[in-house]
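Novice: Next comes the sequence, and after it the predicted model I'd like to discuss.
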Amino acid sequence: MPSSLARTTAVWGALCIGAIVAQPAEALAGTGTSTSTSTSTVVSPTPAAGPAATTASGSRSPTTTTTTTTTTPAAPTTSAPTTTSAATATVPKVSGTVASTGYLMATTHGAVLSYGNVPLSGSVGTVTLAAPVVGIAATPTGDGYWLAGADGGIFSFGAARYSGSIGQLDPSTSPGGANSIALNQPIVAVSTTWDGKGYWLAAADGGIFAFGDAGYYGSMGGTKLAGAIVGMAPTPDSHGYWLVGADGGIFGFGDAGYYGSASQLNPQRAPGGTNAANLSTPIVAMAATPDGRGYWFVASGGGIFTFGDAGFFGSMGLTALAAPIVGMGASPDGQGYWEAGADGGVFSFGDAPFRGSDGQAHDLFYPVDSFVAAPGSGTDPGNGASEGLDRYATGAEGYDISWPQCPSGNFPPPAALAVVGINNGHAMSTNPCFAAEAAWAGAAMSIYMNADFFDTSSPPPPSAMKGPAGTCASTDLVCQGYNYGWASAAYAVNAAQGLGYFVNLWWLDVERGNNWSGSPSANASDIQAMLDYLHSQGIVVGIYSTSYQWGIIAGSFQPGVPNWYATGMAGDPPFDCNKGFTGGPTWLVQASWSGSNGNFDGDFAC
């Protein structure tokens, strides 16, 4: 995976990207008439770079608003899009200002990430869901938000009002359970009304479901579409909405005006894109201008398409991205916008402020799939926070076991938290009881590997002399350490996967009991390589150690990954959750608690 510097460079690399500018075009399915022409001027945007990434941290105790009533929405019906030239109703005052605007992102498993001090009110990140989360919408004042599931389940937090859902909530099962309405296609987006007292859910087939004070103005349900619906946006007065398809088709209902689509873009005048029959990458989201007289589309490759009075301020089109773009949002005055990537990366353009991102934190177990701008109070790009991001529920207790438990086969009782060692006490070895211990751990399992350095009193092994760092000189321990660390991590992953275990959370066991070189910089290179290899495999990885041992082994090296703090079986785990050594958040504390005994190490989730 690219380093933080590489990610920042990727943002700067957008400086020479040409505008992807839409030409007037007919609406899909032959409906609608172009009511405005759009500029074809090619500009050189200047995206706001900002820090490449910040590790999301903060409160992770999930809280949900009690949902006790369900409103059955009107069934989707087929309706032709309107062709009104513009929204004519009084436009509500935009809540918040550009200076105070932040943003929220949601992952598919329901974690919520906040930047710009947008308040966090809870998540479903540690709850088993019946369907993935596909959208997030914020209240106009930024003091609450909704999460929408693919099955139509709605989860409301903070001041966000629950007005009903498609998913029938069953208190005896997980939230968002069996559908009360059979959906032909999954829900793909959620949008809220201007006053925050209602919301719409949009399905992939164009079906619309309205709740609270959200009006129903028509849908594409029952109509054959050239491309699945992927996003929606309401008009400023909430008396209409647009639906956008993956092929760039746009459908307006109520007072939502038609200003063009991506169905017939001229490839010679739209750098970074071709016509809709052959888009470089599919459309994934849209946003509307504050006055409702224009809109933007964003493609998974980062290209931006502008229509009506929507301005072009830059894009990530034609730039190599670490992960596809999945969402976008517009600044309150319409003079800028953000693009959000599946890895939590955020790219800001125009006057849209950069508040931080998760693009290089490597702590996402599941991808980001939705983004929304919301009023906040912070301006520091380093003030990101999250709820539900950890793999472990706060307060969960469990055990870690490995080769020491192998001869006896005596395992702890089942627990919500279980970490199993893949090595037989040192790198480049396999725990002979791993399969049996993994079966004990079950779905709760994460894996740890023993980290060490090769014996420098003997000739370096071939795996140290040649590898991703190149062919090393016989005296270059930093180079050799990197190659050896990479090979050690690859060995461990191959060993686990060879036994059929594909786990996306790993830990490096960094202790003085294993062999290390006398050079902290060489040891740090070795550890960095292990992190890099695991990240390259899409694995979230943290480090188990103590501040004392870490300082002796790796010096001042701070990779910023999660900590698993080894306390020597201390008796106050929450207190030790404030300790760390990597510069990242502390996720686990190895501690003695009431469910542990002398035969096993107990662990507590912070």
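Specialist: Perfect, I can see it now. Residues are numbered from 1 along each chain as shown.
Novice: Going by C-alpha atoms from here, please, whenever you check contacts or count neighbours.
Specialist: Noted.
Novice: Helices of this protein, start to end?
Specialist: Remark: helices assigned in the chain by DSSP state H are 4-12, 434-441, 462-465, 477-498, 520-536, 547-554, 573-576.
Novice: now those helices as a markdown table including distance to Ser238?
Specialist: A markdown table is the format used below for the helices of the chain (distance: least, Cα to Cα, whole Å):
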| stretch | distance to Ser238 |
| --- | --- |
| helix 4-12 | 34 |
| helix 434-441 | 50 |
| helix 462-465 | 62 |
| helix 477-498 | 51 |
| helix 520-536 | 43 |
| helix 547-554 | 54 |
| helix 573-576 | 46 |
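Novice: And those helices: which comes nearest Pro353?
Specialist: Closest to Pro353 of the helices of the chain, according to Cα to Cα: helix 4-12, at 14.0 Å.
Novice: thinking again about what came up before, looking at the helices of the chain, which is closest to Gly356?
Specialist: helix 4-12 (11.6 Å).
Novice: on that earlier part again, and the helices of the chain as JSON lines, adding mean neighbour count and distance to Tyr565?
Specialist: Formatted as JSON lines, the helices of the chain follow (neighbours: other Cα atoms under 10 Å; distance: least, Cα to Cα, whole Å):
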{"stretch": "helix 4-12", "mean neighbour count": "17", "distance to Tyr565": "25"}
{"stretch": "helix 434-441", "mean neighbour count": "20", "distance to Tyr565": "21"}
{"stretch": "helix 462-465", "mean neighbour count": "20", "distance to Tyr565": "29"}
{"stretch": "helix 477-498", "mean neighbour count": "23", "distance to Tyr565": "21"}
{"stretch": "helix 520-536", "mean neighbour count": "22", "distance to Tyr565": "17"}
{"stretch": "helix 547-554", "mean neighbour count": "18", "distance to Tyr565": "8"}
{"stretch": "helix 573-576", "mean neighbour count": "17", "distance to Tyr565": "8"}
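Novice: which stretch in the ones you listed is the model least sure about?
Specialist: Confidence, taken as mean pLDDT, is least for helix 4-12 of these (a mean of 23).
Novice: what is the closest residue to Trp338 other than its chain neighbours paired to in the beta sheet?
Specialist: Spatial nearest neighbour of Trp338, chain neighbours left out: Ser348 (4.5 Å); criterion: Cα to Cα, 6 or more residues apart in numbering. Applying DSSP bridges to Ser348 yields these beta-bridge partners: Ala48, Trp338.
Novice: Would you mind measuring from Ser348 to Thr107?
Specialist: Separation of Ser348 from Thr107 (Cα to Cα, to the nearest Å): 20 Å.
Novice: hang on, the earlier thing: isn't the residue nearest to Trp338 right up against Glu339?
Specialist: Yes. Ser348 lies in contact with Glu339 (Cα atoms under 8 Å); the separation is 6.6 Å.
Novice: ok, these two, which is more surrounded?
Specialist: Using other Cα atoms under 10 Å as the criterion, Ser348 and Glu339 rank with Ser348 on top: 29 against 25.
Novice: in the stretch 151-300 of the chain, which spans are strands?
Specialist: 154-158, 187-192, 198-203, 208-212, 229-234, 240-245, 250-254, 283-288, 294-299 (DSSP state E, counting those that start in this stretch).
Novice: how about the ones you listed, which one is nearest Val98?
Specialist: strand 283-288 (15.8 Å).
Novice: In terms of secondary structure, what does the closest one contact?
Specialist: Here strand 283-288 touches strand 229-234, strand 240-245, strand 294-299, strand 325-330, going by 3 or more Cα pairs under 8 Å, 6 or more residues apart in numbering; DSSP states H and E.
Novice: right, so of the ones you listed, which gets closest to Tyr216?
Specialist: Of all those, strand 240-245 sits nearest to Tyr216, with 8.2 Å by Cα to Cα.
Novice: Quick check: end-to-end length of stretch 450-468?
Specialist: Note: stretch 450-468 ends 21 Å apart using Cα to Cα.
Novice: distance between that stretch and the chain's centre?
Specialist: Taking Cα atoms, centre = their mean, to the nearest Å, one finds the center of stretch 450-468 at 36 Å from the center of the full chain.
Novice: buried set for it?
Specialist: 450-454, 460, 463-467 (16 or more other Cα atoms under 10 Å).
Novice: For Val244, which of the helices of the chain is the nearest?
Specialist: Closest among those, using Cα to Cα: helix 4-12, at 26.6 Å.
Novice: that older thread, pLDDT score assigned to the residue nearest to Trp338?
Specialist: Ser348 is given a pLDDT of 96.
Novice: measure it to Gly329 for me?
Specialist: 10 Å.
Novice: Show me whatever sits in contact with both of the two.
Specialist: Applying Cα atoms under 8 Å, 6 or more residues apart in numbering, one finds that Ser348 and Gly329 are jointly contacted by 337-339.
Novice: As a markdown table, those residues with pLDDT would be great.
Specialist: Output for the shared contacts of Ser348 and Gly329, formatted as a markdown table (pLDDT from 0 to 100):
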| residue | pLDDT |
| --- | --- |
| Tyr337 | 97 |
| Trp338 | 97 |
| Glu339 | 98 |
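Novice: Go through these and name the one nearest Pro324.
Specialist: Glu339 (10.1 Å).
Novice: quick one: the closest one from Trp194, how far?
Specialist: Counting by Cα to Cα - Glu339 and Trp194 are separated by 22 Å.
Novice: try Ala202
Specialist: 17 Å.
Novice: More neighbours: these two, which one.
Specialist: More crowded of Ala202 and Trp194, by other Cα under 10 Å: Ala202, with 29 against 23.
Novice: Next up, the contacts around the residue lying closest to the more buried one once chain neighbours are set aside.
Specialist: Excluding the flanking residues, the one nearest Ala202 by Cα to Cα, 6+ apart is Ile208, at 4.8 Å. Residues in contact with Ile208 (Cα under 8 Å, 6+ apart) are 75-76, 200-202, 216, 218-221.
Novice: Can you turn the buried part of the residues you listed into a PyMOL selection?
Specialist: A single PyMOL command selects the buried members of these (16+ other Cα under 10 Å):
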select buried, resi 76+200+201+202+216+218+219+220+221
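Novice: Would you mind measuring the gap between the ends of stretch 106-125?
Specialist: By Cα to Cα, one end of stretch 106-125 lies 9 Å from the other end.
Novice: My error: substitute stretch 538-551 in the last question.
Specialist: 28 Å.
Novice: ok, Cys479 - contacts?
Specialist: 464-465, 469-470, 472-473, 522, 525.
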